[in-house]
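Chemist: can't give you the sequence, but here's the structure:
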Ligand SMILES: CCCCCCCCCCCCC/C=C/C(=O)SCCNC(=O)CCNC(=O)[C@H](O)C(C)(C)COP(=O)(O)OP(=O)(O)OC[C@H]1O[C@@H](n2cnc3c(N)ncnc32)[C@H](O)[C@@H]1OP(=O)(O)O
């Protein structure tokens, strides 16, 4: 498809409002998720009910999990083709994984990465904001808040091995980790919400301030800046950039280093750095969700989303 998102976002955010297109997009229904876990390798499966053919539900594996209990860490790989967009089902499964990680005595840390080439995560699934019912929207936004609270507020060590594009919500996931290593290449990372015509939620903003500082965030958010790996390194949005073939190896080296720090002291230190930021959202979860629902139900936003979706679906030249 054409890439309106990275190459023509400015144009898109302006054109979308007045489009009057006929196509409607329906959300698929969640039926249920199954988690299977083995000792050294596990997959998280989701069964999606395809509304177009109820006799043939598709099985999708949204995550691959490699556990190295002897070393005290695991690798969690996103596998939601094509772009690891964050929808309700994916976030719900991720939250289950994060709960299990938090409760595990054997796991000190997690390397978060993607099983898909060239993409870490495309951020929030646009379909979760288009023509949604209030109930679904509330569940979606609540699940997203939950993911961030669990990830940013975790006691465990999280290292993001960013193997491709990571805009918007993808950048939020990466920033919620303790250390970020990004693959060199034609990839972008950043909070580009203003280019979509929206304001990044306050907790996205606060996470970025905590990561790259106030002044850089002020510029990055207003400009909707998507950084190349080199630019991201220069502002500390990522901590290292490496060649793709050594990404996981470098992440593992960092993990060993972080795991060697006395656990309780590290956990208390992390908590002292992040507690206030997390508490702020916890105190405002309901009003934050209300804002999301109110915003996404506006006609102007729905028209923009419709145009954005249509533009994303245009055939590749
Ligand atoms: C005008 C928008 C208004 C939005 C109003 C929202 C109101 C709510 C406000 C509250 C929310 C605030 C916080 C928001 C956070 C977010 O995360 S918003 C999402 C932002 N993300 C994007 O815009 C990313 C868009 N995608 C891309 O830039 C590219 O896909 C990519 C990540 C760079 C990868 O490129 P490439 O490998 O070339 O793949 P593509 O061919 O572009 O895409 C493949 C298929 O994937 C579909 N897709 C891509 N991104 C998304 C997505 N975010 N959600 C759903 N689907 C997505 C794309 O349409 C392709 O589909 P097919 O054509 O059917 O194959």
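Modeler: Yes, it's here. Predicted, not measured: the structure shown is a model, and the values here were computed from it.
Chemist: Quick check: residues of the protein near the ligand?
Modeler: Applying C-beta under 6 Å from any ligand atom, we find that the chain lies next to the ligand at 1, 3, 5-6, 13, 16, 82-83, 85, 118-119, 122-127, 129, 165, 167-169, 193, 196-198, 200-201, 292, 295-296, 301, 304-305, 308, 312-313. (Each C-beta comes from the backbone N, C-alpha and C, glycine too.)
Chemist: Run through the stretch 51-200 of the chain and note the low-pLDDT ranges.
Modeler: 51-59 (pLDDT under 70).
Chemist: Show me the helices in it, by range?
Modeler: 88-103, 134-152, 169-175 (DSSP state H, counting those that start in this stretch).
Chemist: picking up where we left off before, put the buried members of the residues of the chain next to the ligand into a ChimeraX selection.
Modeler: Selecting only the buried entries of the residues of the chain next to the ligand in ChimeraX, with 16 or more other C-beta atoms under 10 Å as the criterion:
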select :5,13,16,83,85,119,122,123,124,125,126,127,129,165,167,168,169,193,196,197,198,200,201,292,296,301,304,305,308
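Chemist: follow-up on the earlier one: so which of the helices of the stretch 51-200 of the chain is the most surrounded?
Modeler: helix 169-175 (a mean of 27; mean count of other C-beta atoms under 10 Å).
Chemist: Tell me which stretches of the stretch 151-300 of the chain form strands.
Modeler: Using DSSP state E, counting those that start in this stretch, the strands of the stretch 151-300 of the chain run over residues 157-162, 164-167, 179-183, 189-190, 240-242.
Chemist: Nearest to residue 221, out of the ones you listed?
Modeler: Proximity to residue 221 (C-beta to C-beta) singles out strand 189-190 among the strands of the stretch 151-300 of the chain, at 9.1 Å.
Chemist: Contacts for the closest one next, please.
Modeler: By C-beta atoms under 8 Å, 6 or more residues apart in numbering, the residues outside strand 189-190 that reach it are 120, 162, 165-167, 170-171, 174, 182, 220, 224-227, 229, 232, 237-238.
Chemist: switch to 10 Å and redo it
Modeler: Strand 189-190 is contacted from outside by 120, 160, 162, 164-168, 170-171, 174-175, 180, 182, 208, 212, 220-221, 223-229, 231-232, 235, 237-238, using C-beta atoms under 10 Å, 6 or more residues apart in numbering.
Chemist: Stretch 219-226 too?
Modeler: By C-beta under 10 Å, 6+ apart, the residues outside stretch 219-226 that reach it are 5-6, 9-10, 13, 165-168, 171, 187-200, 204-205, 208-209, 212-213, 216-217, 227, 231-232, 235, 237.
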